[in-house]
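>>> Generate coordinates for the sequence data below:
(2 chains)
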Amino acid sequence: MPESTTTTAPRAGTDFIRQIVAADVESGRYGGRVVTRFPPEPNGYLHIGHAKSIVLNFGLAHEFGGRCHLRYDDTNPDTEKEEFVVAMQDDVRWLGYDWGEHLYFASDYFDRMYECAVTLIEKGSAYVDSQQADDIREGRGSVTEPGVESPYRSRSVEENLDLFSRMRAGEFEDGAHVLRGKIDMASPNMLMRDPVLYRIRHAHHYRQGDAWCIYPLYDYAHCLEDAFEDVTHSICTLEFENNRELYDWVLDKVGIEEPRTHQYEFARLDLEDAVLSKRRIAPLVNEGLVSGWDDPRLSTIAAIRRRGVPPEAVRTFCDMIGVAKTPAVIERARFDYAVREVLNAAAPRVMAVLEPLKVVITNFEDGRTEPIEAPYYPRDVPKEGSRTVPFSREVWIERSDFEEDPPKGFRRLVPGGEVRLRYAYVIRCDEVVKDEEGNVVELRCSYDPETRSGSAPLGRKVKGTIQWVSVESALDAEVRLFERLFVEGTEEGTDESALLEHLNPDSLVVVHAAKVEPSVARDPADTRYQFERTGYFWRDPVDGAGDSLVFNRIVALKDTWTKKEVATGGPEARRDVRSEVPRARPSAQAKPGPRPGPRLDDPEVAARFERFRGDLGVSEEHAELLADSPEWAEFFEAALIEYDDAVALAGWVVNDLRGMLGDRGLADLRFGGGEVGSLAALVEEGGVTRRAAKDVLARMVEEGGDPKELVEAMGLAVMNDPDELASIVDDVLQAWPDKVMEYREGKHALIGLFVGEVMKKTRGTADPEATKSLLAARLES
RNA sequence: UGGCCCGUCGUCUAAUGGCAGGACACCGGUCUUUGGAACCGGCGGUGGUGGUUCGAAUCCACCCGGGCCAACCA
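Next up, the predicted model:
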């Protein structure tokens, strides 16, 4: 398991999934067990989006002392391969997670799934349909029209059983029959219109071989897989929201009882500029626009790994972005930040020059080499270690660290100017040597022997410090710089050919003649460095595996100077393509918005509406809602018998009760309108505050009960003693001295805090008006 | 067009009827032998309109905007 990461991560247990899990653990719903799973289909490569799911599922299990399964959802023989099974395990392990003995394959459950299907048939909940695929599709209807029932829908259980076993026995061609759930062809949820559960497919399965010729479909298989494994929290992405109803239906019908697995959905990761789908990466690979599925510009786990991003950075990133239900696009900068955050604390610093310019130090003895000990880490990174870098008469510096005609604010080498060579001496540029075309080919400088690093005389101010590599000891290296693959528009929906037109021509820049200090030759090949002032690099694990040095830039250093240059159009303004894609934010304007009005064409509705609105004076909105269904109208009428303030009652029923109902209907309630009426009456009489009454109502919704008795039992009778209130008010004020001061300085919004605190202490039994005026009086004095 | 889901600083995310907070980005400063890091400060938000409530980002209604669903894929 990964060591817990970073200070930037949100507090654990705050996202909605963690809240659900924590609540289930708290309530003992599963006896405190937490079982999650990462369920990929082995039909491609894992990408950064999967990483979010992996980090969530394994992280959750780890945090709650549970376990997380790695389960291959391999129910489709056409697309799955062993190769992907292996690669996915590598990736999950690389990310730092361990499934222990809990490695599973859906295909291992085929026998059990078959048995469950038989059960379904026996219960009359599934039938064999013999229509063509096209007819099934057509019969399903559309989102606006109900479907029609299959002519085979009413086959007998015996016939279905017979047909299904013969399907399994291989008596039929592909597509001849399917097994369907018998649900509701008119369901507003298309997935519930008799979903196909099994299909015939005479194909070789990479694990099961030819043992099967019928294969279960996702909606049937997945919930059973979870149930078989005793998964408690089955976490998936938002596009499966509609599938949840079917998930529960199958488990119900198969007879899996609570406590059982439940599905929760979160928003999948969408990373700015990243191309994640197989469909969109494949053409890039096939046309050679990238070197493969692990090309460092891609966002597959393999690519991220090859590029050199440490797994901890991926975890940090996933922690940073949180888990929610809002479909969101994460800025690239956040990923880069996570990578730098991890690498800054871990990577040894080393010097390299990407575009070398020769500097001859004219007053340094020719042939002499001075060894300089240079620390691997800056003083603010608490790590030890150093290496020796040889200093000599000729050194390479970065071409961009010299300007003949410097822009304002340039802090590097200029003609006649001084700069410090990192860890070494201060040099002055005495002469600029050019070729016939006027290109700068060499700088002739002099060094000040008094300025050796660490012993520089005080008061010596130098504009800047630059990195260097001595010519005699420099190692040649190839360096690969990666930028975003596309210059614009990678949103889903952009079609592939349009995508190809937006390829960034500079997404890969190969520097062939970089110079690196000699110490790196002795380091392990997988060392991740910071090339000082340039970025984080490591040797490409494929092309840099041999003797030749090939470095990948993992991520550049944050660079506030170049950014300024670009902004001011300075001479160094270059095509450093950063993420500057303006993203249109959907503007949600308010239009007048006419209310559709009550369905007055229905005489019964019209009559009820007239009574509520006209006779009782209920607001139009409330009258309409109450009149619309007989059930609600009846409920409201019942309340009216107990208490005659129709307007107040309408508020209770519509605004409060509706919100508490959640998935429940009125019929699920263990009380009727009468109880709501007496509760409202109780409030009116002053027996209970409205605030406390809401808690009572909420309890009634959960457990039923009589309002009056509940007020008593819950101890929520209104607090009438003014002295008691005063003392609580004083307590609260005393507990928040700084807030009291802020209030007195004018932040009157804090009154809410104080009232809230009093309410909390009194569990809502204090009269809010009285509390407020008392508070105000105390705060003014 | 039916159903389900989602709208909070530029971006991501908290606040679960009671102080709209954090992170990234951006801007400014301090420090610095990395134009890095660190530290300090600033900018900036509840899609709209009504309603309920002492009090609404939160509950209710409508509107607007976005996503998902009509594979014998997952």
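>>> Near RNA strand B, which residues of the stretch 351-500 of chain A are found?
A:377-378, A:380-381, A:409-412, A:420, A:422-423, A:451-456, A:464-466, A:492 (C-beta under 7 Å from any atom of the strand). Placement of C-beta: from N, CA and C, glycine included.
>>> Can I have the buried ones of those as a ChimeraX selection?
Here is the ChimeraX command that selects the buried residues among these (16 or more other C-beta atoms under 10 Å):
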select /A:377,381,410,412,420,422,423,451,452,453,465,466
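>>> Mind checking which of the residues of the stretch 351-500 of chain A next to RNA strand B land in strands?
Using DSSP state E, the subset of these located in strands is A:420, A:465-466.
>>> how would you label the residue lying closest to A:Arg611 once chain neighbours are set aside: helix, strand or coil?
Of all residues not flanking A:Arg611 in the chain, A:Ala627 sits nearest, at 7.9 Å (C-beta to C-beta, 6 or more residues apart in numbering). Of the three states, A:Ala627 takes helix according to DSSP: H, G, I helix; E, B strand; the rest coil.
>>> ranges for the strands of the stretch 451-600 of chain A?
All strands of the stretch 451-600 of chain A, identified by DSSP state E, counting those that start in this stretch, fall at A:465-466, A:468-470, A:475-482, A:508-516, A:529-531, A:535-539, A:549-556.
>>> Out of the ones you listed, which gets nearest to A:Arg332?
Proximity to A:Arg332, assessed across those by C-beta to C-beta, is greatest for strand A:549-556 (10.2 Å).
>>> strands paired with that closest one, and their directions?
strand A:475-482 (parallel), strand A:535-539 (antiparallel) (DSSP bridges).
>>> So which of those strands is nearest A:Ile214?
Of all the strands paired with strand A:549-556, strand A:475-482 sits nearest to A:Ile214, with 46.4 Å by C-beta to C-beta.
>>> The stretch 1-150 of chain A against RNA strand B: which residues are in contact?
So the stretch 1-150 of chain A meets RNA strand B at A:8, A:10, A:14-16, A:19, A:41, A:73, A:75-76, A:79, A:131-133, A:136-137, A:140-144 (C-beta under 7 Å from any atom of the strand).
>>> Which among these count as buried?
By neighbour count, with 16+ other C-beta under 10 Å, these hold A:15, A:41, A:73, A:75-76, A:131, A:136, A:140-141 as buried.
>>> Just send those residues back as CSV, with pLDDT too.
As requested, those are arranged in CSV below (pLDDT from 0 to 100):
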residue, pLDDT
A:Asp15, 95
A:Glu41, 98
A:Asp73, 98
A:Thr75, 98
A:Asn76, 98
A:Gln131, 98
A:Ile136, 98
A:Arg140, 97
A:Gly141, 96
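>>> Please name the nearest non-neighbouring residue to A:Pro449.
A:Tyr425 (7.0 Å).
>>> any chance you could map the strands in the stretch 301-450 of chain A?
A:328-330, A:349-350, A:352-353, A:356-361, A:370-375, A:386-391, A:394-398, A:418-421, A:426-434, A:440-448.
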